[in-house]
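Peer 1: Could you look at this predicted model? Sequence included:
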Amino acid sequence: MSSIPLSVPSLRGNEWKYVKECIDTEWVSSAGKYVDLFEQKVVEYTNSGYAVACINGTSALQVGLRLVGVQPGDEVIVPTLTFIATVNAISYNGANPLFMDVDPYYNIDIEKVADFLANETKQVSVTDGKSRNTYSVTINKKTERPIRAILPVHVWGNAARLQDLVPLCEERNISVVEDASESLGTTYIEGTYSGQHTGTIGQLGCLSFNGNKIITTGGGGMILTKFKGLAEKARYLTTQAKDDSLRYIHDEIGYNHRLTNIQAALGVAQMEQVHDFLDQKSKIFDRYQAALSQVDGLAFHQVPDYARNNHWMNLVQIDFSIYGGSKEQLIQKLADNGIQARPVWSLNHLQKPYSNQQSYRIENALRLAENSLCLPSSSNLSNDDIDRVINLLNE
């Protein structure tokens with residue numbers, strides 16, 4: 001019996017042709033035509049304005065937070081239900097995560113963010129020592145630390161409710177950096193941001209091209225922004241902050257975070273197939289939803305109606321009092337039949353490195369973490385593969 005993995009890439013286009021060109025010409029590192037071409041293709045697809053390719057999504061987030069002014073001792077609001085890399089990027093800047101609950105779509109809970117900002121923060125005026133300009137800063141009453149940014153995560157490809165979140169943050173001078181790692185192909189279809197791609201609405205957005213994402217470069221990430229100055233500073237910081245590359249003069253601490261040409265070659269080939277990948281993902285979602293919504297004790301996860309979802313990952317929510325057994329037993333049963341399924345991530349406010357950080361009214365995330373299971377979602381899944389998963393869940 002063949003195994004069915006959770007989410008693996010499909011490399012059936014021009015990947016080898018473009019990678020071979022890199023090898024044949026010996027342009028394999030960050031210099032070479034494919035890095036620029038990959039950035040161009042992502043800009044054209046997302047209409048972001050500018051894109052800067054990085055070694056992975058985590059590095060994109062780390063630099064993105066620095067670009068909006070996050071400094072050691074600051075706080076950044078982040079949902080507890082996300083991959084820990086999102087939270088680690090905050091720590092890499094010496095800042096502190098402030099954990100927030102999630103809504104029914106696994107995204108940051110906008111109502112609780114609004115409640116926290118209204119009741120648990122205060123506004124103070126600060127004068128810049130150099131420019132002498134005065135600006136407002138949002139301060140956490142409990143910690144007396146400035147809240148510099150918020151990191152909404154478009155989890156599983158579900159678009160967060162930025163129409164409601166962005167005005168809240170603009171009123172309080174809190175920068176919005178979108179973690180769009182999982183949402184390539186997700187666009188808003190209603191409201192203020194109708195027609196816009198996730199990752200293009202905040203000051204910055206960050207994509208991931210890990211092997212399990214919609215498209216892959218083996219690793220890789222991308223910083224998206226509509227601001228030319230931020231894009232130029234991102235490119236500067238991710239190439240070791242060279243002020244004079246001939247004489248190796250550096251006025252700031254930079255990073256060796258630039259994507260390689262050989263990885264970008266993979267990305268270009270993958271972008272040529274992105275519409276096919278998304279079409280297949282949509283068909284997989286529809287097949288799962290039609291079958292599993294009929295099973296007692298199972299509820300197939302819903303997606304927001306205000307956005308067109310990329311259906312990167314499919315989840316089932318389980319009421320074990322009706323369905324029977326336990327999550328661990330179900331994961332094992334699927335594994336015994338060659339099917340890989342995963343629980344959602346352990347909640348970050350409970351993780352050892354972050355257990356002493358502030359969290360705010362975490363409720364929905366606890367329930368979703370307990371009852372949710374990720375199902376095989378690779379874009380190359382066959383109908384027979386999907387039916388194998390469905391039949392086992394039906395037993």
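Peer 2: Everything's here; your move.
Peer 1: For the stretch 101-250 of the chain, which segments count as helices?
Peer 2: Chain-ordered helices for the stretch 101-250 of the chain, with DSSP state H, counting those that start in this stretch as the definition, fall at 110-120, 162-171, 228-238.
Peer 1: For the shortest one, buried residues please.
Peer 2: This points to helix 162-171. The neighbour-count check on helix 162-171 (16 or more other Cβ atoms under 10 Å) flags 162-163, 165-166, 168-169 as buried. Where you see a C-beta, it was placed from the backbone N, CA and C, and this is true even at glycine.
Peer 1: how about the residues you listed, which pair is most distant?
Peer 2: By the measure Cβ to Cβ, Gln163 and Cys169 form the most distant pair in the buried residues of helix 162-171, at 12.0 Å.
Peer 1: where do the contact lists of these two overlap?
Peer 2: With contacts defined as Cβ atoms under 8 Å, 6 or more residues apart in numbering, no residue is shared by Gln163 and Cys169.
Peer 1: Export the helices of the stretch 101-250 of the chain to a markdown table and append columns for distance to Glu75 and mean pLDDT.
Peer 2: Below are the helices of the stretch 101-250 of the chain laid out as a markdown table (distance: least, Cβ to Cβ, whole Å; pLDDT from 0 to 100):
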| stretch | distance to Glu75 | mean pLDDT |
| --- | --- | --- |
| helix 110-120 | 11 | 98 |
| helix 162-171 | 13 | 97 |
| helix 228-238 | 21 | 98 |
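Peer 1: So which of the ones you listed is nearest Asp336?
Peer 2: Once the helices of the stretch 101-250 of the chain are compared by Cβ to Cβ, helix 110-120 is nearest, at 39.8 Å.
Peer 1: gap between the two ends of stretch 4-14?
Peer 2: Terminal residues of stretch 4-14 are spaced 25 Å apart (Cα to Cα, to the nearest Å).
Peer 1: And the contacts of that stretch?
Peer 2: For stretch 4-14, contacts defined as Cβ under 8 Å, 6+ apart pick out 211-212, 215-216, 266, 268-270, 272-273, 277, 312-313, 338-342, 374-381, 385, 388-389.
Peer 1: I'd like to know which of the residues you listed are buried.
Peer 2: Judged by 16+ other Cβ under 10 Å, buried ones among these: 212, 215-216, 266, 268-270, 273, 277, 312-313, 339-341, 374-379, 381, 385, 388-389.
Peer 1: Mark which of the residues you listed are part of strands, please.
Peer 2: 374-375 (DSSP state E).
Peer 1: Can you classify the closest residue to Leu381 other than its chain neighbours by secondary structure?
Peer 2: Closest residue to Leu381 apart from its sequence neighbours, by Cβ to Cβ, 6 or more residues apart in numbering: Ile284 at 5.6 Å. Secondary structure state of Ile284, per DSSP: H, G, I helix; E, B strand; the rest coil, is helix.
Peer 1: And Ile284, how far from Ile362?
Peer 2: Distance of Ile284 to Ile362, computed by Cβ to Cβ, to the nearest Å: 31 Å.
Peer 1: Within the helices and strands, which one has Pro97?
Peer 2: strand 96-100 (DSSP states H and E).
Peer 1: Does anything pack onto that strand? Which helices or strands?
Peer 2: strand 75-79, helix 84-92, helix 110-120, strand 359-360 (3 or more Cβ pairs under 8 Å, 6 or more residues apart in numbering; DSSP states H and E).
Peer 1: could these go into JSON lines alongside mean neighbour count?
Peer 2: Formatted as JSON lines, these follow (neighbours: other Cβ atoms under 10 Å):
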{"stretch": "strand 75-79", "mean neighbour count": "27"}
{"stretch": "helix 84-92", "mean neighbour count": "21"}
{"stretch": "helix 110-120", "mean neighbour count": "16"}
{"stretch": "strand 359-360", "mean neighbour count": "18"}
